[in-house]
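Asks: sharing a sequence plus its predicted fold:
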Amino acid sequence: MDLKQAYYELRFENAFRSTKGDAFQTFFEKLMGLVYKADFMACRPWGNQGDRKNDGFLKSERRLFQVYAPNEMEAAKAIDKITEDFAGAMVHWGHDFDKWVFAHNAVDGLPPHVQALILKLEKDNSGIKLEPWGLEEFRLIFRKISEDDLAAWFGPVPSEQTKLELGFGDLQIVLERVADHPVVPNQQVKDVPMRKIEANALSESVATLLKAGMAKAPLVADFFNRWHDETFGERVAVAFRNKYQELRGKSGPDQIFSDLESWAGGAERGTPKHQLAVLAVLAYYFDSCDIFEEPRGVTP
Amino acid sequence: MILPTKHLSQDRAILTVGARILQHLSQAKTISSLWEELPRNSAGRSDAPQLRYDAFVLALDLLFMIGAIEVQEGLLTKRKVPV
């Protein structure tokens, strides 16, 4: 996986995981619209007629979509939703589709009762194929988006050329920003190196981003070594560690990585050079074990 | 910052600066003359950051606290350790 793909896939996955409800439907429509253009017809509720159980229709594939992305997936509510929406779709659009997609964002999978219902409905409705679509199905769709559309959606990506152009000043700005965060005094920073991405269940996308940052991570060490305040590197390390501890347990490893990236780089998306400077800092502290967990069996 | 850490190189640790100070205290000196004589950069590292005066003072404090130096009539000397 190259840097560009890793960068965009991580952003896609984070957006997929973090958007719920109406926001997820908007996300879904944007994704499908970018990939399929006019072939995909989004369907918005129309007055008191609602959407007639149609959240989008892929004309060339005769595929009808129903989107469901609650904050928490509950089996009983999901079963009611599928039963009602599928029946409604058959009434309003039964002659137009052969495939009915239950698009959800339950990244941990659907409850067994929901799966059983989908199989039953498919069995009871000959000629109609029912498909639950989650993260992996949409990831395949996402990979079809053109580079121009990706850049328009998620911003420019750091490139190999950017890596060559990264200079000292970029890191300085990022580091100073990080250093401004308040730190807890007297907190110990672990001295154990942590090098294994697998031990933290980080994805290939994150591994690729860290690898990109790692190429320039020595600049970070060099920066600390030259900076007039010799305690700066330690203070930034403590700030990173505190932030990591705050995020740990609240979300998955990739989301933590993304949150750390946003925290270090600032709320607003920067230039590719700035983004890579942030990755360099993250890679430096990842390598020095200040963020994320060390693998089992590594002794200090 | 007394000892080197992952993010503080050995050259810049106060203990290392203290050791460099002791190397230049073969005879009694005033603080200002010691500061003048002390190389600002670590040996063999012309690209290393220059020693700051406050780090120099902190290193003197450390040496004094551990009993490695003493002050007599405004002059710094190494403290003789009984054999």
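Replies: Great, that's in hand.
Asks: residue contacts, whatever residue of the stretch 101-250 of chain A ends up closest to chain B?
Replies: When distances are taken as CB to the nearest CB, the stretch 101-250 of chain A approaches chain B most closely through residue A:233, which lies 3.0 Å from it. Every C-beta, even on glycine, is put in place using the N, C-alpha and C of the backbone. Shown here is residue A:233, whose contacts under the criterion CB atoms under 8 Å, 6 or more residues apart in numbering or on different chains are A:221, A:224, A:225, A:227, B:6, B:7, B:8.
Asks: tell me how far whichever residue of chain B sits closest to chain A lies from residue A:261.
Replies: Nearest residue of chain B to chain A (CB to the nearest CB) works out as residue B:7 at 3.0 Å. For residue B:7, the distance to residue A:261 under the criterion CB to CB, to the nearest Å works out to 20 Å.
Asks: give me the more crowded residue out of these two.
Replies: For residue B:7 and residue A:261, the more surrounded residue by other CB atoms under 10 Å in any protein chain shown is residue B:7, and the numbers stand at 23 against 19.
Asks: isn't the more buried one up against residue A:285?
Replies: No. Counting by CB atoms under 8 Å, residue B:7 sits too far from residue A:285 to count as a contact (9.2 Å).
Asks: doesn't residue A:103 fall inside a strand?
Replies: Yes. The assignment for residue A:103 by DSSP: H, G, I helix; E, B strand; the rest coil puts it in a strand.
Asks: show the backbone phi and psi for residue A:127.
Replies: Backbone torsions for residue A:127, taken as degrees, to the nearest 10, come to phi 90, psi -10.
Asks: find the nearest non-adjacent residue to it, please.
Replies: Taking CB to CB, 6 or more residues apart in numbering or on different chains, and ignoring the residues beside it in sequence, residue A:127 has residue A:98 as its nearest neighbour in space, at 6.7 Å.
Asks: right, and the one you found touches residue A:131 too?
Replies: No. Using CB under 8 Å, residue A:98 makes no contact with residue A:131, being 10.8 Å away.
Asks: out of these two, which sits in the more crowded spot?
Replies: The residue with more neighbours, out of residue A:98 and residue A:131, is residue A:131; 14 against 11, by other CB under 10 Å.
Asks: so which strand or helix has the more buried one?
Replies: Element membership of residue A:131, judged by DSSP states H and E, is strand A:129-133.
Asks: packing partners for that strand?
Replies: Using 3 or more CB pairs under 8 Å, 6 or more residues apart in numbering or on different chains; DSSP states H and E as the contact test, the elements touching strand A:129-133 are strand A:99-104, helix A:112-124.
Asks: burial count for residue A:238?
Replies: By other CB under 10 Å, the residues close to residue A:238 number 21.
Asks: and the next helix or strand past the strand or helix carrying it?
Replies: Using DSSP H and E, the element containing residue A:238 is helix A:232-247. Secondary structure here is assigned by DSSP H and E; on that basis, the next helix or strand after helix A:232-247 toward the C-terminus is helix A:253-265.
Asks: buried stuff in that next one?
Replies: A:253, A:254, A:255, A:256, A:257, A:258, A:259, A:260, A:261, A:263, A:264, A:265 (16 or more other CB atoms under 10 Å in any protein chain shown).
Asks: I'd like the residues you listed laid out as CSV, including distance to residue A:293 and pLDDT.
Replies: CSV is the format used below for those (distance: CB to CB, whole Å; pLDDT from 0 to 100):
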residue, distance to residue A:293, pLDDT
A:253, 9, 88
A:254, 14, 89
A:255, 15, 89
A:256, 11, 91
A:257, 13, 90
A:258, 17, 88
A:259, 16, 87
A:260, 14, 88
A:261, 18, 86
A:263, 18, 81
A:264, 19, 82
A:265, 23, 77
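Asks: export only the CA atoms of the lengthiest helix in chain B, formatted as CSV.
Replies: The single longest helix within chain B, with elements called by DSSP state H, is helix B:53-65. Included here for helix B:53-65 are C-alpha records, laid out as CSV according to Å, rounded to 0.1, in the frame of the first residue of the first chain:
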residue,chain,number,x,y,z
TYR,B,53,24.9,29.8,31.3
ASP,B,54,21.9,28.6,33.3
ALA,B,55,22.8,25.0,32.5
PHE,B,56,26.4,25.8,33.7
VAL,B,57,25.1,27.2,37.0
LEU,B,58,22.8,24.2,37.5
ALA,B,59,25.7,21.9,37.0
LEU,B,60,27.7,23.9,39.6
ASP,B,61,24.7,23.5,42.0
LEU,B,62,24.7,19.8,41.4
LEU,B,63,28.4,19.4,42.0
PHE,B,64,28.2,21.5,45.2
MET,B,65,25.2,19.4,46.5
